[in-house]
Structure formats: C-alpha cells, structure tokens
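Visitor: sequence plus the predicted model coming up.
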Amino acid sequence: MVDRQPSALPVTDHGSGVGAVFLWPIRVYWEDTDAGGIVFYANYLKFFERARTEWLRSLGIEQQRLKDCTGCMFVVTETNIRYHRPARLDDELIVTASLIETGRASMIISQQALLKTEQSGSLPARLLCEGTLRIGWVHGTRLQPMRIPASILDSLKS
C-alpha cells in the first residue's frame, strides 16, 4: 500500500521560485495503461494534476472553496512534457510539484513523475516524465485572466 502522506523536501531555489518540492505517491492501475501495458502518455497529465491539487491542499488552498469564495479558478494554459521511461502496471510513483515562477495572473510549476525505489528514505532517482505547466487564474464563468490574490501568492511562496 502506498503511503498517502505528502512531504516537502528542500531543494535549490529555481530562479524566482520557492525552495521546496512537494511529493505525492501514486500507484499505476489497469485504467492508467494502454494496450502495450505501459502508462498511456496523457495519464501523466492526470498524475500531475492530482499532485498539484494535493500540493495546494497541503498549503490550505482548496480549489472548490476558492471558486465559491472568489468566483475564480486555476486553469492549465500551457504544458511542456518530456517522457524518459515508461511506467507499468502496479508501479509506485512519486509525483512532484514545485513552484518555479509567479506572475500577476499565472504561475509556472515544474513537475516530475519518478519510479519509487526500494531504498526507503531516499528521493527516487528514476525519472519517468517531467514537465513545466503554466497555470492561469481566471474568472470562473467569463474565463478572463484575473490577478492572483496576494493571499494565495503568499501561501504558495511560504
């Protein structure tokens, strides 16, 4: 069973970003694989979404509550993904999220999917997939870009 307790590890600062990487465990199920028995390429984006959501939740930012209170929400506006190795059925993965840059209406997040190693207590080293995603803050019905509230930016940078 995969331990669902997230952790943040200190890393080197990435330019103007913060200095921690959020880790979220995920197991590969049948529904995640293609006919070849490997994780379907688009499912890494789902894994990244789950890790980003749990990262925000760990910072006290609940997306539904944000939308209900502000009328705005985060949306993915750009992705850049690179695949290195396949994940397979029953693999245990660690998916990361790390804030790289913030702007007035968007932020860039670095993410990785790593194969969990047998060595307990060490950061997994087998990189499977990595990418950067731009997340925009938009009005919930008009989908117009809006300025990210300072309180959210402060939580993300803490």
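Guide: On my side now, so go ahead. Numbers count the residues shown, from 1 in each chain.

Visitor: how near is the most centrally placed residue in the chain to Thr77?
Guide: When CA atoms, centre = their mean is applied to the chain, the residue found nearest the centroid is Arg52 (3.2 Å). Between Arg52 and Thr77 the computed distance is 13 Å (CB to CB, to the nearest Å). C-beta here means a position set from N, CA and C on the backbone, and glycine is covered the same way.

Visitor: what sits in contact with each of those two?
Guide: Common neighbours of Arg52 and Thr77 (criterion: CB atoms under 8 Å, 6 or more residues apart in numbering): Ile135.

Visitor: grab the nearest non-local neighbour of the residue nearest to the centre of the chain.
Guide: Spatial nearest neighbour of Arg52, chain neighbours left out: Ala97 (5.1 Å); criterion: CB to CB, 6 or more residues apart in numbering.

Visitor: then the one you found would be within a strand, right?
Guide: Yes: judged by DSSP: H, G, I helix; E, B strand; the rest coil, Ala97 forms part of a strand.

Visitor: what about this protein, any weak spots by pLDDT?
Guide: Scanning the chain for pLDDT under 70 picks out 1-19, 118-125.

Visitor: do that again at 80, thanks
Guide: Low-confidence segments of the chain, defined by pLDDT under 80, span residues 1-19, 118-125, 158.
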